[in-house]
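Asks: build me a structure from this.
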Amino acid sequence: MSKFLLLAFRNVFRNRRRTIMTLLMVGGGVTGLLLAGGYFAFMTRGLREDTIRNGLGHMQIFTADHFRRDEVHVLDTGIDNWRQIAATVSTGGHVRGVAPRIEFYGMVSNGAKSPGDNEKNTLWVLGDYHNFRPAFTNEIYLLDPKYAAFASYLKTRAVYKCPSDRISFVQNQRKPVLQVRSYSLNCYLGTSPSIANRISPQYRALKRTADFVGSPANAFLFQDVNPQNLCTPAFIVLMPGIAADSFFHYPATQHNRAGVLSFADGHTETHRWRDSRTFKTAPLGQKVPHNAASPRNGDLAWIQEHTASVK
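Replies: Residues are numbered from 1 along each chain as shown. Here you go, the predicted model:
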């Protein structure tokens, strides 16, 4: 055995360059594993502590409905006999304290829409159909309070543009110009005279937050639009009764076959589209046409369901 150990030891110095390279590779691998292990351990510990501290406790108790459905009103899924449960939990030998907790979020409003006081086609930003090209390319219609409802709060054009929207442009003096906006507002949560004929009288077009019927969590507010189908500041949805199953505006699909929506209660979500007819493109520099028939399209039905409620 000692003879083999001696041979192995001599081989270490026989080719010093190879030995150094081997040691560096082994050392680098071990260092990488240690760093990665430490990083993941730190992340796991951070998530655990964040859940404990922000959730106020190592053990958190909810009703089963809390995980099954959204609340329409505060405490819809709350615990009625929380005092009894708190007293029972407090008897545990390792329990240091019990803290009842109410968590909710919402919007503070005077009941009216945010003002836009310039043109007839101002919803949340100024715009029109494809005949008013400055609204597609000029950031003044996003950042000037005369034209944009959020201009006093949002000071940069970047928030209006999806980072994945790299292909959209309109022809301006035969030169491609990137569009400055990627999002549109639910046409039933903000209307203007230019889109009034797209609104079905069978559905509620809300002008005030107090007009909501049902949960605001089910009504989309803003939606990421197919870059080649973008036009008005409103995301126009042709509801049943006003037209056959058709897309006026197509949702964005470039997020791994999904689009991003915000809802009237303040939450956002990514929705994955299923029907192949929802995925539309056009040659570079051209637009995806509106009023495209798509009968029995499940994606269109989902959008309609989250647009407005029947009167």
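Asks: for the protein, just list every one of the helices.
Replies: With helices called from DSSP state H, the chain shows them at 2-14, 16-54, 65-68, 82-90, 134-137, 140-143, 298-305.
Asks: which residues does residue 185 contact?
Replies: For residue 185, the contact set (CB atoms under 8 Å, 6 or more residues apart in numbering) comprises 123-124, 221-222, 233-235. For glycine as for every other residue, the C-beta is placed from the backbone atoms N, C-alpha and C.
Asks: let's have the helices of the chain in JSON lines, adding mean pLDDT.
Replies: As requested, the helices of the chain are exported to JSON lines (pLDDT from 0 to 100):
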{"stretch": "helix 2-14", "mean pLDDT": "76"}
{"stretch": "helix 16-54", "mean pLDDT": "86"}
{"stretch": "helix 65-68", "mean pLDDT": "79"}
{"stretch": "helix 82-90", "mean pLDDT": "88"}
{"stretch": "helix 134-137", "mean pLDDT": "85"}
{"stretch": "helix 140-143", "mean pLDDT": "91"}
{"stretch": "helix 298-305", "mean pLDDT": "96"}
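Asks: if we can go back for a sec, ok, the contacts of residue 185 vs residue 145, which is closest?
Replies: Closest approach to residue 145 among the contacts of residue 185 (CB to CB): residue 124, at 12.2 Å.
Asks: what is the neighbour count of the closest one?
Replies: Residues lying near residue 124 (other CB atoms under 10 Å) number 21.
Asks: how far away is the closest residue to it other than its chain neighbours from residue 159?
Replies: Distances taken as CB to CB, 6 or more residues apart in numbering put residue 149 closest to residue 124, at 4.7 Å, once the chain neighbours are dropped. Distance, residue 149 to residue 159, by CB to CB, to the nearest Å: 13 Å.
Asks: okay, residue 81: pLDDT?
Replies: As predicted, residue 81 sits at a pLDDT of 89.
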